[in-house]
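Colleague: Return atomic coordinates for the entry below.
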Amino acid sequence: MEPTKSLSTSIDLTGVPLKPLPGLTQQVLPFFTFTRSLALCPLSFESMRKKGQVNFKFKFGGALFSLCLILALFFNLLIFIGVLKYGGLLKYDVLPGSDLWPTNSGQLYTAIDHVSGFTAGLITSISSVYVMIAPIDYFIAFLKAPKLTKWLNDWNEIEDEMQQMGFSMDQIKIRKFIKYFIPLFEFGPVLAVGGFETFLRLDPKYPVHCVFIIIYASLPHICYSAGDSQALVMLKCLQVEFREVRAHIEKTFDGGLVQLEVRRVHLLLIKLRSQAKRCGEYLAPQQLVSISMTIYFMGASCFIFVSVLSDQPVWDASWLWITTSMTGAWVAYGMSRLYVKICMAVSITKEEAQIASLLKSEGLKMKFGTDYYSTELREVHTLLTTHPTEVSFNNYVTLNSSLILGVIQQVFTHFIILMQFRR
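Modeller: You can find the predicted model right below:
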């Protein structure tokens with residue numbers, strides 16, 4: 001018996017087609033529109049309203065590509081000037097005090113004066129290294145744009161096939177995740193840190209300096225958060241698509257009126273697994289840099305935290321509280337960022353494991369016979385159990401629970417090494 005088909009549009013009682021259900025590409029459109037405004041997504045968008053989908057396009061050398069490239073170069077020029085002026089990497093000031101610039105960088109020096117030279121250098125290096133990640137993110141965004149375009153457009157093909165198979169498509173919902181979770185979790189904390197750094201350096205007597213310090217303290221944080229947010233969005237896409245397949249299989253088995261199109265489900269799962277593999281390959285450069293920087297920031301923050309507490313007598317009470325709070329919060333936030341990505345990747349594996357469990361239960365009812373249906377069920381179950389889907393960054397790092405322990409181990413190793421230089 002053929003399963004009932006469902007279209008991407010519904011029809012009301014008068015026979016008039018209703019608005020199509022929003023596809024995955026349409027739901028992620030606001031996020032990529034935002035990243036394009038930062039010149040981190042040189043893609044154009046073509047809306048397919050009849051299908052509730054969006055077609056992404058990349059054209060090397062086109063008008064949009066050129067505009068994004070110019071904006072990216074301009075933003076990186078501002079960051080470069082900010083690093084030279086405020087990064088503390090050079091022994092002399094390349095932009096000495098004048099009518100445009102103050103003679104120092106404000107209250108930040110008040111805090112640094114309380115610590116040893118090595119600790120002071122570590123404090124300034126955290127900010128400078130964090131800022132230098134932004135140019136890397138821009139380079140990766142342009143280099144990987146064609147692969148991102150294909151990855152996004154392939155979801156349209158997958159969802160078309162789902163609709164032909166009678167999927168309800170009610171599990172593919174990520175708008176609230178993008179609208180609420182991403183801004184609060186990714187951008188809120190880093191903007192607070194950027195605002196605090198701006199406050200420490202701000203001097204209203206120098207308007208040009210104020211504009212530069214706001215850009216320097218905010219833009220790198222926003223770029224880094226945008227790259228990290230894109231990883232979460234891509235993982236969320238995989239999660240809801242696997243969940244939709246599981247929900248469809250559950251409904252089919254619970255109904256008992258039609259037989260599961262196991263061959264088509266098999267092919268669909270292969271496509272989803274391919275999407276997971278390509279997601280890891282796309283995210284590999286940016287996320288490997290992110291994990292390395294997380295280890296560095298957390299190890300350095302732990303060292304600064306210990307140094308500040310051990311030198312309490314020379315610290316003002318307010319500066320002691322601010323510095324220890326900021327370093328402690330940065331350690332917790334760095335680990336929470338990694339933990340959320342790991343949880344999402346693990347949830348993809350769990351969704352697939354539940355699919356395998358459903359297929360096994362159905363196969364046991366059929367007693368795993370020799371007929372075509374039972375054989376196909378056994379093949380799919382074997383594929384999912386022997387080679388479960390995991391998000392791997394080019395086989396360098398796999399997003400699973402063991403990664404947390406590995407990062408903690410590296411953080412403590414880094415912390416112990418830094419302690420050897422403490423005077």
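Colleague: Would you mark the buried spots in the helix or strand harbouring Val129?
Modeller: Per DSSP states H and E: Val129 is located in helix 117-143. Using 16 or more other Cβ atoms under 10 Å as the test for burial, helix 117-143 gives 119-128, 130-138, 140-142. Quick note: C-beta positions are derived from backbone N, CA and C, even for glycine.
Colleague: same check, this time on stretch 345-352
Modeller: Quick answer for stretch 345-352 (16+ other Cβ under 10 Å): 345-349, 351-352.
Colleague: Identify the residues contacting Thr198.
Modeller: Under the criterion of Cβ atoms under 8 Å, 6 or more residues apart in numbering, the neighbours of Thr198 are 213-214, 217-218.
Colleague: The protein: strands as residue ranges?
Modeller: Residue ranges of the strands in the chain, as given by DSSP state E, are 44-48, 53-57, 392-393, 397-398.
Colleague: want to try CSV for those, with mean neighbour count and distance to Arg201 as columns?
Modeller: Formatted as CSV, the strands of the chain follow (neighbours: other Cβ atoms under 10 Å; distance: least, Cβ to Cβ, whole Å):
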stretch, mean neighbour count, distance to Arg201
strand 44-48, 14, 38
strand 53-57, 19, 39
strand 392-393, 20, 36
strand 397-398, 16, 35
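Colleague: Could you dump those strands into a markdown table with mean pLDDT added?
Modeller: Putting these into a markdown table (pLDDT from 0 to 100) gives the following:
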| stretch | mean pLDDT |
| --- | --- |
| strand 44-48 | 90 |
| strand 53-57 | 93 |
| strand 392-393 | 92 |
| strand 397-398 | 91 |
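Colleague: Can I get the contacts of Thr198 in TSV including distance to Lys277?
Modeller: Conversion of the contacts of Thr198 to TSV gives the following (distance: Cβ to Cβ, whole Å):
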residue	distance to Lys277
Ile213	43
Ile214	41
Ala217	38
Ser218	35
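Colleague: sorry, back to before: which ones among the buried residues of stretch 345-352 map onto helices?
Modeller: Among those, the members found in helices (DSSP state H) are 345-349, 351-352.
Colleague: shaky segments in the stretch 251-400 of the chain?
Modeller: Low-confidence segments of the stretch 251-400 of the chain (pLDDT under 70): 257, 311-327, 366-370.
Colleague: So which residues of it form helices?
Modeller: 262-310, 317-365, 372-386 (DSSP state H, counting those that start in this stretch).
Colleague: Please indicate which of the ones you listed has the most neighbours on average?
Modeller: For these, the largest average neighbour count (mean count of other Cβ atoms under 10 Å) is found in helix 262-310, namely a mean of 19.
Colleague: what helices or strands is it leaning on?
Modeller: When contacts are defined as 3 or more Cβ pairs under 8 Å, 6 or more residues apart in numbering; DSSP states H and E, helix 262-310 sits against helix 117-143, helix 145-164, helix 207-255, helix 317-365, helix 372-386, strand 392-393, strand 397-398, helix 401-419.
Colleague: And those: which comes nearest Ser44?
Modeller: helix 145-164 (9.5 Å; Cβ to Cβ).
Colleague: From the rest of the structure, what touches the closest one?
Modeller: By Cβ under 8 Å, 6+ apart, helix 145-164 touches 5-8, 23-25, 28, 32, 41-43, 48, 51, 53, 55-58, 169, 172, 234, 237, 241, 244-245, 248, 264, 268, 271-272, 275, 278-279, 281-282.
Colleague: Mind doing that once more with 7 Å?
Modeller: Residues from elsewhere that reach helix 145-164, judged by Cβ atoms under 7 Å, 6 or more residues apart in numbering: 5-8, 23-25, 42-43, 53, 55-58, 169, 237, 241, 244, 268, 271, 275, 278-279, 282.
Colleague: That one versus helix 117-143: what angle between them?
Modeller: 60 degrees (axes from the mean of the first three to the mean of the last three Cα atoms, to 10 degrees).
Colleague: Identify each buried residue in helix 145-164, please.
Modeller: Buried-residue list, helix 145-164, by 16+ other Cβ under 10 Å: 145, 148-149, 151-152, 155-156, 158-159, 162-163.
Colleague: before we move on, the earlier item: between the helices of the stretch 251-400 of the chain, which one is nearest to Gly62?
Modeller: helix 262-310 (21.2 Å).
Colleague: Would you mind getting the angle between the closest one and helix 372-386?
Modeller: Using the same axes, to 10 degrees: helix 262-310 against helix 372-386 is 10 degrees.
Colleague: Figure out how far helix 262-310 is from the centre of its chain.
Modeller: 8 Å (Cα atoms, centre = their mean, to the nearest Å).
Colleague: and the angle for the helix holding Val129 with helix 207-255?
Modeller: Going by the same axes, to 10 degrees, helix 117-143 makes 60 degrees with helix 207-255.
Colleague: Show me what the mean pLDDT comes to for helix 117-143.
Modeller: The average of the pLDDT scores along helix 117-143 is 80.
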